[in-house]
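Peer 1: give me coordinates for this.
(chains A and B)
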There are 2 protein chains.
Amino acid sequence: MKLDFSVAVHSILYLDAHRDSKVASRELAQSLHLNPVMIRNILSVLHKHGYLTGTVGKNGGYQLDLALADMNLGNLYDLTIPPTISYARFITGPSKTDEQADQSPIAANISETLTDLFTVADRQYRAYYHQFTMADLQADLNHHGTFLQHEQDSES
Amino acid sequence: MKLDFSVAVHSILYLDAHRDSKVASRELAQSLHLNPVMIRNILSVLHKHGYLTGTVGKNGGYQLDLALADMNLGNLYDLTIPPTISYARFITGPSKTDEQADQSPIAANISETLTDLFTVADRQYRAYYHQFTMADLQADLNHHGTFLQHEQDSES
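Peer 2: Predicted coordinates for the structure are as follows:
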């Protein structure tokens, strides 16, 4: 888990609060307490995917192209924190090239089993975020408890 | 995410396949391709929680105290990879002690909102593991596809 998702979310909320103007990365940097380069890197991904427009130069800056309700939180999560490509470093057992390795059925099969388990668990994790949009996140920001309430509702 | 959960799972499967004998950490280390100290550290947690017995000395070793069907996968996950205590380093915005900080409503509230979001998402993630026992994992090891099939079934 990295900071990128939070940077995207925070930037979008800030741009939403300043929809009438172009916002420079320097201004965002002050609100987020991060350096402008990191912000520009993450916003360039959002730009590429149509969330916002960014122009350079003296009167340049970022402006949102979508309404908050049209930004799915899961899509933003997937964009900024892509799924793990290989779980190899989280899984025990011999490497495939190691001929001295224990070739017991457990050692031979644990990698595929744990990869499946971790992969499905991660898909379920991301499905949680896909239930919401940035409008839900803004609602929680204005009145904390949205996500906790939603959890209670889905349990009952 | 760390290796600890995989070490616990792999060790338990190995001990289950050798229930009639005591298994030394050195033997486990060979199967898992890890150093015995790491394995002993993780098994000492399992010992403390009643999963297995460990004795030291010449004829010492580990033996399981529970059936695989009585070991919940979520409990093992929670034991070996405890929930994050603070999401502060994954969240943007000023530190509370910074008086120069942007005190906009966004900056002032984003930490609580994202903490709630991440906390509930993590609880849902862990709930996934809690649906299974080590017997399910062994079933997948013997015949891959258990977890993928379960995912398909819960979607339809």
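Peer 1: all the strands of chain A, in order from the start?
Peer 2: A:52-55, A:61-64 (DSSP state E).
Peer 1: deepest-packed of the ones you listed, please.
Peer 2: strand A:61-64 (a mean of 20; mean count of other C-beta atoms under 10 Å in any protein chain shown). Just so you know, the C-beta spots here come from the backbone N, C-alpha and C atoms, and that holds for glycine as well.
Peer 1: list the contacts of it.
Peer 2: A:11-12, A:15-16, A:19, A:21-25, A:27-28, A:43, A:47, A:51-55 (C-beta atoms under 8 Å, 6 or more residues apart in numbering or on different chains).
Peer 1: one more time with 10 Å, if that's ok
Peer 2: Outside strand A:61-64, the residues that touch it by C-beta atoms under 10 Å, 6 or more residues apart in numbering or on different chains are A:11-16, A:18-28, A:39-40, A:43, A:46-47, A:51-55, A:71, A:134.
Peer 1: list the contacts for the most centrally placed residue in chain A?
Peer 2: The centre of chain A sits closest to A:Tyr77, judged by C-alpha atoms, centre = their mean, with a distance of 2.4 Å. Taking C-beta under 10 Å, 6+ apart, we find A:Tyr77 in contact with A:4-5, A:8-9, A:83, A:125-126, A:128-130, A:132, B:117, B:121.
Peer 1: among those residues, which ones are in helices?
Peer 2: When DSSP state H is applied, the contacts of A:Tyr77 are split such that A:4-5, A:8-9, A:125-126, A:128-130, B:117, B:121 fall in helices.
Peer 1: of those residues, buried ones?
Peer 2: A:4-5, A:8-9, A:125-126, A:128-129, B:117, B:121 (16 or more other C-beta atoms under 10 Å in any protein chain shown).
Peer 1: right, and A:Lys22 touches A:Leu28 too?
Peer 2: No: at 11.3 Å, A:Lys22 does not count as touching A:Leu28 under the criterion of C-beta atoms under 10 Å.
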